[in-house]
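[1] coordinates only, no sequence provided:
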């Protein structure tokens, strides 16, 4: 009967003791193996980071060659130039102080104001100008 039970359960009899609350076998080298595994993982991660840094450096080199060939600028350079341009006061800017109104844009009483009718008459042909002047 014992033979039949062993055949039916296969190799599970070893694990039956653990499942029923028996103590697990402890590997004396488990601590050492775990440390080696952690070290290997750290080393692989460092190699991966170094590889990616090398690849990115190569990509940046190619990007720079393309920028030089076509006269393009980096995004950071463009943004810095745009920011500097925005900080400088622009001529005709909407944000200029109200005191800085350019000459000829204000109400000057020295100027002779033409009416709209006079302005339109300038652009009419000669005979029509005569008709409206009369």
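    On my side now, so go ahead. What you are looking at is a predicted structure, and each value in this text was computed from that prediction instead of being measured.

[2] any low-confidence regions in the protein?
    Scanning the chain for pLDDT under 70 picks out the ranges 1-6, 9-25, 88-114, 134.

[3] which parts of it are strands?
    Counting by DSSP state E, no segments of the chain form strands.

[4] for residue 27, give me phi and psi.
    Phi and psi for residue 27, reported as degrees, to the nearest 10, are phi -90, psi 120.

[5] can you get me a residue count around it?
    10 (other Cβ atoms under 10 Å). Every residue, glycine included, has its C-beta placed from N, CA and C.

[6] and it, how close does it get to residue 39?
    18 Å (Cβ to Cβ, to the nearest Å).

[7] quick one: residues contacting residue 33.
    Applying Cβ atoms under 8 Å, 6 or more residues apart in numbering, we find residue 33 in contact with residue 27.

[8] now do it against residue 42, distance only.
    Going from residue 33 to residue 42 by Cβ to Cβ gives 15 Å.

[9] what do you get for residue 57?
    From residue 57 to residue 42 the distance is 23 Å (Cβ to Cβ).

[10] ranges for the helices of the protein?
    Per DSSP state H, the chain carries helices over the ranges 2-9, 13-19, 30-70, 75-87, 116-122, 126-133.

[11] any idea of the angle the longest one forms with helix 75-87?
    Looking back up the chat, that one is helix 30-70. Relative orientation of helix 30-70 versus helix 75-87 (axes from the mean of the first three to the mean of the last three Cα atoms, to 10 degrees): 60 degrees.
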